[in-house]
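Peer 1: Pasting a predicted model and its sequence here:
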Amino acid sequence: MKIRDIRATTVTVPLHAPLRHANGCHWGRFVRTIVEVEADNGLIGLGEMGGGGESAEAAFRAMKAYLAGHDVARLEEMRFLIANPTASLYNNRTQILAALEFACLDLLGQQWGVPVCDILGGRLRDRIPFASYCFFRYPNPRTGEGEVRTAHQVLANARALKRQFGFATHKMKAGVFPPDYELECYRALAAEFPEDNVRFDPNAVWSTEQAIRFGQAIEGLRNDYLEDPVFGLHGMRRTREKVRVPLATNTVVVNFEQLAANVLHTAVDVILLDTTFWGGIRACVKAAGVCETFQLGVAVHSSGELGIQLATMLHMGAVLPNLSFAADAHYHHLTDDIIEGGLMPYENGAIRVPVGPGLGVRLNREKLGEYAELYKRLGGYAYDQDPARPGWTPTVPNDRWADPKDDRAGTIPY
Ligand SMILES: [Mg+2]
């Protein structure tokens with residue numbers, strides 16, 4: 001089976017409300033590039049890529065010259081063909097490779113009549129549990145609903161998510177407001193759900209000393225881990241020396257060089273594997289094998305996803321023996337999806353691993369067209385800008401916090 005064509009379509013799918021994070025904001029929608037790899041037997045494999053609010057269509061179009069006629073099964077060859085590590089100094093294509101790997105695995109699964117997880121070693125579990133992923137949010141610009149800013153709103157939102165989806169793990173995305181204010185919110189969250197696990201992620205915007213102060217203050221809670229309190233392996237290592245809470249990262253261990261450094265001189269306990277950041281599902285499975293060998297924890301990271309990328313996360317989660325934490329997903333913040341059947345359902349906080357051949361998801365062409373039109377109308381957005389805080393440049397470490405008393409939503413184009 002050979003690659004005949006590569007097509008890419010940029011879509012925008014609305015979120016229930018704009019999601020605030022340490023470096024900016026998701027402006028009430030996700031922009032994703034949907035990739036279709038067509039084989040010479042007519043089968044179509046699906047891939048997906050983010051891109052910080054921007055389209056990646058042109059990058060995929062350029063790959064057709066490399067990959068037309070390439071054997072779909074030769075995935076390692078494809079890695080060196082388009083993402084050779086030294087050539088990549090000039091053209092970083094790790095995320096492009098990831099989306100094309102998803103599509104090729106989808107094609108192979110369809111051709112062989114097996115789900116992708118069977119190609120990766122076979123499933124160890126049928127359902128992947130997820131965390132609630134609570135964000136601070138601006139109100140929805142159209143309805144005025146959905147703001148999360150006060151501790152009261154944090155709890156109301158988490159309760160609603162637990163009621164609707166059944167989550168038993170709560171992740172608080174933070175790094176937006178002063179750390180002492182966020183500590184108060186996090187303690188309230190942990191106290192609200194004493195049986196549930198909690199985790200906290202300020203997106204690496206604190207100083208090491210601030211990370212130590214916060215980390216020590218949350219010892220004794222049911223923490224899965226403290227995620228990226230500080231940027232850099234040395235800062236994480238200094239924090240880890242003084243804090244008795246496991247540290248996790250999706251930031252400073254995102255490739256094999258960094259994983260080797262972390263094995264030799266451990267700075268992080270739990271590696272959050274992202275099928276996009278690492279360059280594919282197979283790279284994540286390899287990394288999980290290294291983590292298993294050295295007894296580091298692993299979990300599933302979310303960099304924002306529609307159903308295709310979610311399927312890659314589910315198939316990966318299904319095959320990792322050392323997956324001992326609930327996965328992260330932004331998925332329940334979406335209002336819709338571009339796959340057949342619409343949004344995949346949660347059952348008791350978990351999502352079933354697809355059982356159909358390949359990734360087990362198919363495109364809903366009507367939805368693809370609808371959200372491609374929405375992208376054309378709204379265009380991209382700057383993931384690393386906050387439209388309600390013009391002129392704000394967050395530093396690392398940061399001290400330019402938002403004011404938790406400021407209830408102005410600003411103008412967010414929608
Ligand atoms: Mg993170």
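Peer 2: Perfect, I can see it now. Numbers count the residues shown, from 1 in each chain.

Peer 1: How about Ser302, nearest residue that isn't a chain neighbour?
Peer 2: Spatial nearest neighbour of Ser302, excluding adjacent residues (C-beta to C-beta, 6 or more residues apart in numbering): Asp328 at 4.2 Å. Yep, even glycine has a C-beta here, placed from its N, CA and C like the rest.

Peer 1: Repeat that for Ile308.
Peer 2: Using C-beta to C-beta, 6+ apart and skipping the chain neighbours, the partner closest in space to Ile308 is Glu48 (4.0 Å).

Peer 1: before we move on, what about Gly215?
Peer 2: Using C-beta to C-beta, 6+ apart and skipping the chain neighbours, the partner closest in space to Gly215 is Val243 (3.2 Å).

Peer 1: So that neighbour sits against Ile212, correct?
Peer 2: Yes. With contacts counted by C-beta atoms under 8 Å, Val243 reaches Ile212, the gap being 6.0 Å.

Peer 1: what does the stretch 101-250 of the chain put close to the ion?
Peer 2: Residues of the stretch 101-250 of the chain lying close to the ion (C-beta under 5 Å from the ion) are Asp201, Glu227, Asn250.

Peer 1: Just the pLDDT at the second one, thanks.
Peer 2: According to the per-residue confidence, Glu227 scores 98 in pLDDT.

Peer 1: How about the first one?
Peer 2: Here the pLDDT value assigned to Asp201 is 98.

Peer 1: Show me the helices in this protein, by range?
Peer 2: Ranges of helices in the chain, per DSSP state H, are 57-67, 75-83, 94-112, 116-119, 151-165, 179-192, 208-217, 233-242, 256-264, 281-293, 307-319, 365-378.

Peer 1: Name the stretch among those that sits most buried.
Peer 2: Mean neighbour count (mean count of other C-beta atoms under 10 Å) peaks for helix 307-319 among those, with a mean of 28.

Peer 1: helices and strands around that helix, which ones?
Peer 2: Contact here means 3 or more C-beta pairs under 8 Å, 6 or more residues apart in numbering; DSSP states H and E; on that basis helix 307-319 packs against strand 44-49, helix 94-112, helix 116-119, strand 127-129, helix 281-293, strand 297-300, strand 350-352.

Peer 1: so what's the residue of the stretch 51-200 of the chain found nearest the ion closest to, chain neighbours aside?
Peer 2: With C-beta to the ion, the shortest gap between the stretch 51-200 of the chain and the ion falls at Lys173, namely 7.7 Å. Distances taken as C-beta to C-beta, 6+ apart place Phe135 nearest to Lys173, at 4.7 Å, with adjacent residues excluded.

Peer 1: For the stretch 301-414 of the chain, give me the ranges with low pLDDT.
Peer 2: 414 (pLDDT under 70).

Peer 1: Can you name the residue of it nearest the ion?
Peer 2: Across the stretch 301-414 of the chain, the shortest distance to the ion (C-beta to the ion) belongs to His301, at 6.7 Å.

Peer 1: gap between that residue and Asp337?
Peer 2: Note on His301: its distance to Asp337, by C-beta to C-beta, to the nearest Å, is 20 Å.

Peer 1: neighbour count winner among the two?
Peer 2: Counted by other C-beta atoms under 10 Å, His301 and Asp337 do not tie: His301 has more neighbours, with 24 against 21.

Peer 1: Who are the contact partners of that one?
Peer 2: Taking C-beta atoms under 8 Å, 6 or more residues apart in numbering as the criterion, His301 is in contact with Asn250, Leu272, Leu273, Asp274, Phe277, Asp328.

Peer 1: Could you do Met63 as well?
Peer 2: Ile6, Ile82, Ile96, Leu100.

Peer 1: Check Gln385 too.
Peer 2: Contacts of Gln385 (C-beta under 8 Å, 6+ apart): Gly24, Cys25, Trp392.

Peer 1: if you set the cut-off to 6 Å instead, what comes out?
Peer 2: Counting by C-beta atoms under 6 Å, 6 or more residues apart in numbering, Gln385 touches Gly24.

Peer 1: Count the residues that sit near the residue nearest to Ile308.
Peer 2: As a burial measure, Glu48 scores 29 neighbours (other C-beta under 10 Å).

Peer 1: what about it, distance to the ion?
Peer 2: 19 Å (C-beta to the ion, to the nearest Å).

Peer 1: Tell me how many other residues crowd His333.
Peer 2: Counted with other C-beta under 10 Å, the burial measure for His333 works out to 21 neighbours.

Peer 1: so what's it closest to, chain neighbours aside?
Peer 2: Leaving aside its sequence neighbours, His333 sits nearest to Leu15 (C-beta to C-beta, 6+ apart; 4.8 Å).

Peer 1: returning to that earlier point: ok, which of the helices of the chain comes nearest Gly341?
Peer 2: Gly341 lies closest, by C-beta to C-beta, to one member of the helices of the chain: helix 307-319, at 8.6 Å.

Peer 1: gap between that closest one and the chain center?
Peer 2: Taking C-alpha atoms, centre = their mean, to the nearest Å, one finds the center of helix 307-319 at 11 Å from the center of the full chain.

Peer 1: tell me the contacts of Cys104?
Peer 2: Contacts for Cys104 (C-beta under 6 Å, 6+ apart) come out as Gly45, Val72, Leu75.

Peer 1: thought the first one was touching Glu38?
Peer 2: No. Under the criterion of C-beta atoms under 6 Å, Gly45 makes no contact with Glu38, lying 8.0 Å away.

Peer 1: Which residue of these two possesses the greater neighbour count?
Peer 2: Set Gly45 next to Glu38 and count neighbours by other C-beta under 10 Å: Gly45 wins out with 28 against 16.

Peer 1: Which strand residues bridge that one?
Peer 2: With DSSP bridges as the criterion, Gly45 is bridged to Val37.

Peer 1: can you check the one 4 residues further on too?
Peer 2: Judged by DSSP bridges, the bridge partners of Met49 are Thr33.
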